[in-house]
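Engineer: missing the sequence, but the structure's below:
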């Protein structure tokens, strides 16, 4: 299986396990800059040079050798499950993607037909009941994750622990897991630990939020989208994420974690 979703700087200064919807565009650009002294022109997910990625065949033996021998500092980044699934809905379901089309072609028509969701019309700009549609989308997300119907789960709303575990199961070990909500603090710790060719000033670099502007703006506070049933579904999908990464399940309005990640616990529980 190898190390899907794993990126490594060309200098092999650091290894990063991508978790979708967890600041991965910004992290990728920081890693690129730390080697080259400039940002990648475009979405870092589209780069085919300048950064080793497991998806690039020529990078695979280099990543595998490095990770299995733990030659470089390895890290990943997590996010509150409530805000992550909300972000996925507004970006991937309601939004028009970079290519000018809907995400995954027939996905949105399927959701409209089978789950009765609305997405703001053809361009995502018309008014619609965001709360009702999001809750219906949550049912769909649960169905894909629990039952793999009507399709396989998508990487943008499958559990973070699932992404993070592949790295561990196949022989990798994390040195740090930090929070999107405390981004500068966590990323600075990574940069302080590794040797970079080009220093990065986190206070001045742009945030590369590639999903921003794709979809309609969220109109309500996070907690308004989650009633008791929604919270039950979120727990069903993301129970391990809440437990391992110490997020507050009881209060969707509290996006901050309640503790620190216990790396030993993460490796023990996700390494089976």
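Structural biologist: Great, that's in hand. Bear in mind the structure is a predicted one, so any value in this text is a computation, not a measurement. Numbering: from 1, shown residues only.

Engineer: Spatially, what comes nearest to residue 104 if we skip its sequence neighbours?
Structural biologist: Among residues not flanking residue 104 along the chain, residue 154 sits closest, at 7.5 Å (Cβ to Cβ, 6 or more residues apart in numbering). (C-beta placed from N, C-alpha, C; glycine too.)

Engineer: Residue 67 now?
Structural biologist: Residue 67 sits nearest to residue 172 (Cβ to Cβ, 6+ apart), 4.5 Å away.

Engineer: So the one you found is in contact with residue 74, correct?
Structural biologist: Yes - if you go by Cβ atoms under 8 Å, residue 172 and residue 74 touch, sitting 6.1 Å apart.

Engineer: overlap in contacts of those two?
Structural biologist: 15, 17, 67 (Cβ atoms under 8 Å, 6 or more residues apart in numbering).

Engineer: burial count for residue 94?
Structural biologist: 27 (other Cβ atoms under 10 Å).

Engineer: For it, give its distance to residue 118.
Structural biologist: Per Cβ to Cβ, to the nearest Å, residue 94 is found 9 Å from residue 118.

Engineer: show me where pLDDT drops low in this structure?
Structural biologist: 210-214 (pLDDT under 70).

Engineer: now for the top strand by length along it, which elements pack on it?
Structural biologist: If you go by DSSP state E, the chain has its longest strand at strand 73-78. Under the contact criterion of 3 or more Cβ pairs under 8 Å, 6 or more residues apart in numbering; DSSP states H and E, strand 73-78 touches strand 14-17, helix 160-169, strand 176-179, helix 183-193.

Engineer: now the ones you listed as CSV including mean neighbour count and distance to residue 272?
Structural biologist: What follows is the helices and strands packed on strand 73-78, written out as CSV (neighbours: other Cβ atoms under 10 Å; distance: least, Cβ to Cβ, whole Å):
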stretch, mean neighbour count, distance to residue 272
strand 14-17, 26, 18
helix 160-169, 20, 8
strand 176-179, 21, 18
helix 183-193, 16, 26
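
Engineer: Let me have these in TSV, adding distance to residue 100 as columns.
Structural biologist: Output for the helices and strands packed on strand 73-78, formatted as TSV (distance: least, Cβ to Cβ, whole Å):
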stretch	distance to residue 100
strand 14-17	29
helix 160-169	28
strand 176-179	33
helix 183-193	30
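
Engineer: And these: which comes nearest residue 246?
Structural biologist: strand 176-179 (9.1 Å; Cβ to Cβ).

Engineer: What pairs with that closest one, parallel or antiparallel?
Structural biologist: Strand 176-179 pairs in its sheet with strand 73-78 (parallel), by DSSP bridges.

Engineer: okay, and the common contacts of residue 94 and residue 118?
Structural biologist: residue 133.

Engineer: relative to helix 183-193, how tilted is the longest strand of the chain?
Structural biologist: 180 degrees (axes from the mean of the first three to the mean of the last three Cα atoms, to 10 degrees).

Engineer: which other residues reach strand 73-78?
Structural biologist: Residues contacting strand 73-78 (Cβ under 8 Å, 6+ apart): 13-19, 22-24, 27, 67, 160, 163-164, 167, 172-180, 183, 186-187, 190, 193-194, 241, 245, 261.

Engineer: can we see that at 6 Å?
Structural biologist: For strand 73-78, the external contacting residues (Cβ atoms under 6 Å, 6 or more residues apart in numbering) are 14-15, 17, 19, 22-23, 160, 164, 174-178, 180, 190, 193-194, 245.
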